[in-house]
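Undergrad: okay, here's the prediction I keep looking at, along with the sequence it came from:
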Amino acid sequence: MKRIQSLRLMAIVLLAMFQIFLLWGCSQNQHWSPTAPSAEGTIATLAKDDDDDDDDLEFLMVARRDPAENGVSTAMIGPAGGVLHHAAHRLEVPAGAMSQTLELSFSMPLSDTLTFDMGPHGTQFNAPVSLVFNYSNADLTGVNEALLQVYYYDPATQIFERIFTTVDVVNNLVIGYTDHFSRYALIGK
């Protein structure tokens, strides 16, 4: 019994530390606004805000598109959590992140940039979910892959904002942690 209580306490402490780390990452947001949407409604370029001192951030460009990335992937995910796969990408929803079962969607707009639509837009989670994006098909010319970041588009402010991100350069994965759905993009330096 004491072992179970110790494990529960350790899980709570780890979750609290993760949430603090996530909130710290969110407080470090950088703001970007789109300047030229393409015909498909995706973002073609970025304009730097006046209060931002990082001049060399750009959307990660697609070198080649995997045909498996076309279309929309869906999965019914509820309070028990689950994983939604879309080609080499995935959404990981931990247990307890959702209060009810909902059909979640994952798609990639046809674009020359690595952008991802997660839906239904506006879905809020009780705990952070992981967006795992594979960048094997990206053009990394002049990009330091260790500095890749995930940004989400905020339609209210019409800017892209950075979310807490980790990079696995060995497996070519960028993992963003979020508590809501929106359009997401990979940004590099």
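TA: Arrived safely, thanks for sending. Numbers count the residues shown, from 1 in each chain.

Undergrad: okay, now the residue nearest to residue 124 when sequence neighbours are not counted: neighbour count?
TA: The shortest distance from residue 124 to any non-neighbouring residue, by Cβ to Cβ, 6 or more residues apart in numbering, is to residue 180 (5.2 Å). C-beta: built from backbone N, CA, C; applies to glycine. Using other Cβ atoms under 10 Å, residue 180 has 15 neighbouring residues.

Undergrad: what's residue 180 in contact with, if anything?
TA: 122-125, 152 (Cβ atoms under 8 Å, 6 or more residues apart in numbering).

Undergrad: now the residues you listed as CSV including pLDDT and neighbour count?
TA: Listed next are these as CSV, based on pLDDT from 0 to 100; neighbours: other Cβ atoms under 10 Å:
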residue, pLDDT, neighbour count
122, 87, 9
123, 94, 16
124, 96, 10
125, 97, 16
152, 94, 21
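
Undergrad: just name the closest of those residues to residue 73, please.
TA: Set against residue 73, the nearest of the contacts of residue 180 by Cβ to Cβ is residue 123 (15.3 Å).

Undergrad: just checking, the closest one touches residue 104?
TA: Yes: contact criterion Cβ atoms under 8 Å: residue 123 and residue 104 qualify, at 7.2 Å.

Undergrad: got the contacts of residue 180 as a markdown table, with secondary structure columns?
TA: Output for the contacts of residue 180, formatted as a markdown table (DSSP: H, G, I helix; E, B strand; the rest coil):
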| residue | secondary structure |
| --- | --- |
| 122 | coil |
| 123 | coil |
| 124 | strand |
| 125 | strand |
| 152 | strand |
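
Undergrad: between residue 123 and residue 104, which contacts overlap?
TA: With Cβ under 8 Å, 6+ apart as the test, residue 123 and residue 104 both reach residue 181.

Undergrad: relative to residue 166, how far out is the residue nearest to residue 124?
TA: Per Cβ to Cβ, to the nearest Å, residue 180 is found 19 Å from residue 166.

Undergrad: ok, residue 151 next?
TA: Residue 151 sits 14 Å away from residue 166, going by Cβ to Cβ.

Undergrad: between these two, who's got more neighbours?
TA: The neighbour comparison of residue 151 against residue 166 (other Cβ under 10 Å) goes to residue 151, with 27 against 15.
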